[in-house]
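Undergrad: Fold the following.
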Amino acid sequence: MDQVCRDMPDDEVLYDLAELFKVFGDTTRIKILYALFESEMCVCDIAQLLGVTQTAVSHQLRVLKTNKLVKFRKEGKNAFYSLADEHVTKIIAQGMEHICE
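TA: Have a look, this model is predicted:
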């Protein structure tokens, strides 16, 4: 029991982890992440691919960006989004592996 207490992360860290997993709790955000697996995309292309409004995509991208799951680069007036790093791909892949067992 003492070892478990010593190994337990701080509450703030556990809170941040729980918040991260909440981000994955939205189907639209998962679809956006899957779309970005293949290549970077702009809001208008993601919206067209998913059949949702650009406003909805922008809102979800803001959540993903805030949680450091996507990044963007500007090219003129357009912003192109991509996955922040390989951890995002690994998290999704492990989740898929788990549910497909």
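Undergrad: Could you use CA atoms for every contact and neighbour count after this?
TA: Noted.
Undergrad: Tell me where the chain has strands.
TA: Taking DSSP state E as the test, the strands found in the chain are 41-42, 70-75, 78-83.
Undergrad: May I see these arranged in CSV, with distance to Lys31 as well?
TA: Rendered in CSV, the data for the strands of the chain read as follows (distance: least, C-alpha to C-alpha, whole Å):
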stretch, distance to Lys31
strand 41-42, 13
strand 70-75, 13
strand 78-83, 12
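Undergrad: Can you give the distance from stretch 6-19 to the centre of its chain?
TA: 19 Å (C-alpha atoms, centre = their mean, to the nearest Å).
Undergrad: hang on, I meant stretch 79-88
TA: Distance, centroid of stretch 79-88 to centroid of chain: 8 Å (C-alpha atoms, centre = their mean).
Undergrad: do the same with stretch 82-95
TA: Centre-to-centre, stretch 82-95 and its host chain are 8 Å apart (C-alpha atoms, centre = their mean).
Undergrad: Run through who's touching it.
TA: 33, 36-37, 39-41, 68-72 (C-alpha atoms under 8 Å, 6 or more residues apart in numbering).
Undergrad: and if we set it to 7 Å?
TA: With contact meaning C-alpha atoms under 7 Å, 6 or more residues apart in numbering, stretch 82-95 is reached by 36-37, 39-41, 68-72.
Undergrad: What residues sit buried inside that stretch?
TA: Across stretch 82-95, burial judged by 16 or more other C-alpha atoms under 10 Å covers 82-84, 88-89.
Undergrad: What about Phe24, how many residues nearby?
TA: 16 (other C-alpha atoms under 10 Å).
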